[in-house]
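Peer 1: Model the following, please.
(one chain, ligands or ions: 1)
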Amino acid sequence: MGTQLTPNVAVIGGGCAGLAAGVALSKAGIRVNLFESSHQLGGRARGIQWQGQTLDNGQHILLGAYSATLQLLETCEVQLDQALLRLPLELNMQDEFSLRASSYLPAPLHILAGLLRAQGLSLSERLAAIRLMARLRLQKFTLEQDMPLQALLADQPARLISMLWEPLCLAALNTPVSTASAQIFLNVLRDSFARAKSDSDMLLPRLDLSTMLADPAASYILAHGGQVSLSAPIECISQQNKELYLQVADIRKAYKHIIVATSPFRVAPLLADLPSVADSVEKCQALKYQPIYTIYLQYPAHIKLDKPMTGLSHQLGQWIFDRGQLYGQHGLIAVVISAEGRHQGLTQEQLAIGVAEEIEQLYPQLNNLLWHKVVAEKRATFACTSNLQRPAQLTSIPGLLLAGDYVSSGNTLQDYPSTIEGAIRSGFSAAGKFINSL
Ligand SMILES: Cc1cc2nc3c(=O)[nH]c(=O)nc-3n(C[C@H](O)[C@H](O)[C@H](O)COP(=O)(O)OP(=O)(O)OC[C@H]3O[C@@H](n4cnc5c(N)ncnc54)[C@H](O)[C@@H]3O)c2cc1C
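Peer 2: Numbering: from 1, shown residues only. Just a heads-up that it's a prediction; the model follows:
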């Protein structure tokens, strides 16, 4: 007997959160109508076409602790070893600093041993890092009161902050240490460093993000009787006699259940006709944003770096990726700059050339730039600041839920920064709430 489909749920937004919700609902036998305003799915995690190649709107990295993301990929039958290069945690800042988790010891000793053996830090700096990790573990990575990460790191040596904590904070929260939420940083540290050893692995995509995630998720929804509409911006949601209505161009559609999975700055116009959800709208409007720039630099195909990913210190760029080793795009280098900074004052041309000149000093083989492309995502992530008031998933209208990386999980100790994992968890959780209520 075929699966019996219950009434439709509308999902607005085909980013990671909307797709995760759509897949989870489809898996439970609920028919999904997903509406995406753009001509392609993926939202802030998508492939883009340039010079005959598929790049990404941003070079992403995932962690072994991204359990919801791995579950989504597995459900959509993505071959994980083909989609992701799994590497044990290793931070390299050229010759200045390097840390490698022990391959023999169990978690969290593998990290502590890595800290103890870290190159480029004095013994007292290494011990300061170990003391902090031991203290955080004793307090179960839980703070009585959230605070800016800088305050939590007050007794850490300046060099240790600039070599270790600051790059980790920017990579995980995309927010400067001076304002970043210490508790959300600790949530990520706990999940990746203090549980299973594989949780601290770095997972580097080997496929562009659309091929890796958005396309398989959409195929899953379609294969389970759902619909995915592209170039279908929802203008607003209205309510009449307990029924919710979506306005798509000049068509009005009724739904009992809607998941709003757009980025937070798109929520206000959608909910403008629903005064009872003003509290959710205000919280979305209060969020601030941080940029991420990805600078693609194409060199001749024989050019190769020694590692697929390396940190850059005291440079405009923060991380450098060799897309030849990851995606077979030989000679293509991606340099990532997280969060706000002086680079925002440069034109894209100045930035690309400035970054190319800097990395040529470190890698003399990068001396023949063929083309460059800067992708500037100005609102890449919400600013993950301390004591942030995040909108709740449930709104005051029972059939209307929010999903997205910015939505509160309802427990600060489980909240994540603006990440693929945060978005997918939120999508799963929204779907779970409908599945339970149906
Ligand atoms: C450059 C960059 C680098 C990043 N690096 C990392 C990283 O290394 N690791 C990591 O985990 N995360 C990273 N992130 C963050 C991660 O990509 C996001 O947290 C995640 O993709 C957010 O997903 P979402 O579904 O919550 O929102 P979105 O991706 O914003 O999806 C919302 C979707 O809703 C659609 N939409 C909006 N309005 C409407 C409407 N009215 N009707 C219909 N559809 C609508 C949008 O077009 C969009 O597709 C990065 C982000 C960027 C931009």
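Peer 1: Pick out the residue in the stretch 101-250 of the chain sitting closest to the ligand.
Peer 2: Closest residue of the stretch 101-250 of the chain to the ligand, Cβ to the nearest ligand atom: I234 (3.9 Å). Where you see a C-beta, it was placed from the backbone N, CA and C, and this is true even at glycine.
Peer 1: and that residue, what is it in contact with?
Peer 2: 12, 35, 37, 246-248, 270 (Cβ atoms under 8 Å, 6 or more residues apart in numbering).
Peer 1: how about 7 Å then?
Peer 2: 12, 35, 246-248, 270 (Cβ atoms under 7 Å, 6 or more residues apart in numbering).
Peer 1: So which of the residues you listed sit within helices?
Peer 2: Here DSSP state H is the test, and these give L270 as lying in helices.
Peer 1: So which of the contacts of I234 sit within strands?
Peer 2: 12, 35, 246-248 (DSSP state E).
Peer 1: ok, and of the residues you listed, which contact the ligand?
Peer 2: Applying Cβ under 6 Å from any ligand atom to the ones in strands among the contacts of I234, one finds that 12, 35 fall near the ligand.
Peer 1: for the ones in strands among the contacts of I234, which one is nearest Y416?
Peer 2: Among the ones in strands among the contacts of I234, I12 lies closest to Y416 (Cβ to Cβ), at 21.4 Å.
Peer 1: my guess is that closest one meets A261, correct?
Peer 2: Yes. Between I12 and A261 there is a contact under Cβ atoms under 7 Å: 6.1 Å.
Peer 1: neighbour count winner among those two?
Peer 2: A261 (33 against 25; other Cβ atoms under 10 Å).
Peer 1: I'd guessed that one sits against D405; true?
Peer 2: No. In this structure, A261 is not within contact of D405 by Cβ under 7 Å, at 10.0 Å.
Peer 1: Select the longest helix from this structure.
Peer 2: helix 420-437.
Peer 1: Just the CA trace of that one, in PDB.
Peer 2: Extracted as PDB, the C-alpha positions of helix 420-437 are listed here (Å, rounded to 0.1, in the frame of the first residue of the first chain):
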ATOM      1  CA  ILE A 420      24.300  25.100   7.900                       C
ATOM      2  CA  GLU A 421      23.900  22.900  11.000                       C
ATOM      3  CA  GLY A 422      21.900  25.600  12.900                       C
ATOM      4  CA  ALA A 423      19.600  26.000   9.800                       C
ATOM      5  CA  ILE A 424      19.100  22.200   9.300                       C
ATOM      6  CA  ARG A 425      18.400  21.600  13.000                       C
ATOM      7  CA  SER A 426      15.800  24.400  12.900                       C
ATOM      8  CA  GLY A 427      14.200  22.900   9.800                       C
ATOM      9  CA  PHE A 428      14.000  19.500  11.400                       C
ATOM     10  CA  SER A 429      12.600  20.900  14.600                       C
ATOM     11  CA  ALA A 430       9.900  22.800  12.800                       C
ATOM     12  CA  ALA A 431       8.900  19.700  10.800                       C
ATOM     13  CA  GLY A 432       8.900  17.700  14.100                       C
ATOM     14  CA  LYS A 433       6.500  20.100  15.700                       C
ATOM     15  CA  PHE A 434       4.000  19.700  12.800                       C
ATOM     16  CA  ILE A 435       4.500  15.900  12.600                       C
ATOM     17  CA  ASN A 436       3.600  15.600  16.300                       C
ATOM     18  CA  SER A 437       0.600  17.900  16.000                       C
END
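Peer 1: Any stretches of the stretch 101-250 of the chain with poor pLDDT?
Peer 2: Nowhere does the stretch 101-250 of the chain drop to pLDDT under 70.
Peer 1: circling back to that earlier point, find the nearest non-adjacent residue to the residue of the stretch 101-250 of the chain closest to the ligand, please.
Peer 2: Spatial nearest neighbour of I234, excluding adjacent residues (Cβ to Cβ, 6 or more residues apart in numbering): I12 at 4.9 Å.
Peer 1: If I look at the one you found, what pLDDT would I see?
Peer 2: Per-residue pLDDT puts I12 at 98.
Peer 1: and the stretch 251-400 of the chain, which of its residues are near the ligand?
Peer 2: Within the stretch 251-400 of the chain, the residues that sit near the ligand (Cβ under 6 Å from any ligand atom) are 261-263, 266, 270, 292, 294, 377, 380-381.
Peer 1: Between A261 and D405, which contacts overlap?
Peer 2: With Cβ under 7 Å, 6+ apart as the test, A261 and D405 both reach A17.
Peer 1: give me the number of residues near Q350?
Peer 2: 12.
Peer 1: any idea how far it lies from D306?
Peer 2: Shown here: Q350 relative to D306, a distance of 28 Å by Cβ to Cβ, to the nearest Å.
Peer 1: can you list the residues of the stretch 51-200 of the chain near the ligand?
Peer 2: 57-58, 60-62.
Peer 1: that older thread, chain center to the longest helix of the chain: distance?
Peer 2: Between the centre of helix 420-437 and the centre of its chain there are 16 Å (Cα atoms, centre = their mean, to the nearest Å).
Peer 1: How about that helix and the ligand, touching?
Peer 2: Yes. For helix 420-437, a contact with the ligand is found by Cβ under 6 Å from any ligand atom, at 420-421, 423.
Peer 1: Can you name every helix or strand that that helix contacts?
Peer 2: helix 16-27, helix 67-75 (3 or more Cβ pairs under 7 Å, 6 or more residues apart in numbering; DSSP states H and E).
Peer 1: Go again with 8 Å.
Peer 2: With contacts taken as 3 or more Cβ pairs under 8 Å, 6 or more residues apart in numbering; DSSP states H and E, helix 420-437 sits against helix 16-27, strand 62-63, helix 67-75, strand 258-260, strand 400-402.
Peer 1: Can you give the contact residues for the second one?
Peer 2: It refers to strand 62-63. Contact with strand 62-63 is made by 69, 84, 188, 191-192, 199-205, 420-421, as judged by Cβ under 8 Å, 6+ apart.
Peer 1: for that strand, what is the average pLDDT?
Peer 2: In this model, strand 62-63 has an average pLDDT of 97.
Peer 1: The stretch 251-400 of the chain: helices as residue ranges?
Peer 2: Using DSSP state H, counting those that start in this stretch, the helices of the stretch 251-400 of the chain run over 267-270, 278-286, 323-327, 348-362.
Peer 1: do the same with the stretch 1-150 of the chain
Peer 2: 16-27, 67-75, 80-83, 109-116, 123-138, 149-152.
Peer 1: Show me where the stretch 101-250 of the chain has its strands.
Peer 2: 202-205, 227-229, 234-240, 243-248 (DSSP state E, counting those that start in this stretch).
Peer 1: want to throw those into a markdown table with distance to G114?
Peer 2: Converted to a markdown table, the strands of the stretch 101-250 of the chain look like this (distance: least, Cβ to Cβ, whole Å):
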| stretch | distance to G114 |
| --- | --- |
| strand 202-205 | 13 |
| strand 227-229 | 43 |
| strand 234-240 | 47 |
| strand 243-248 | 51 |
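Peer 1: No more questions from me, cheers.
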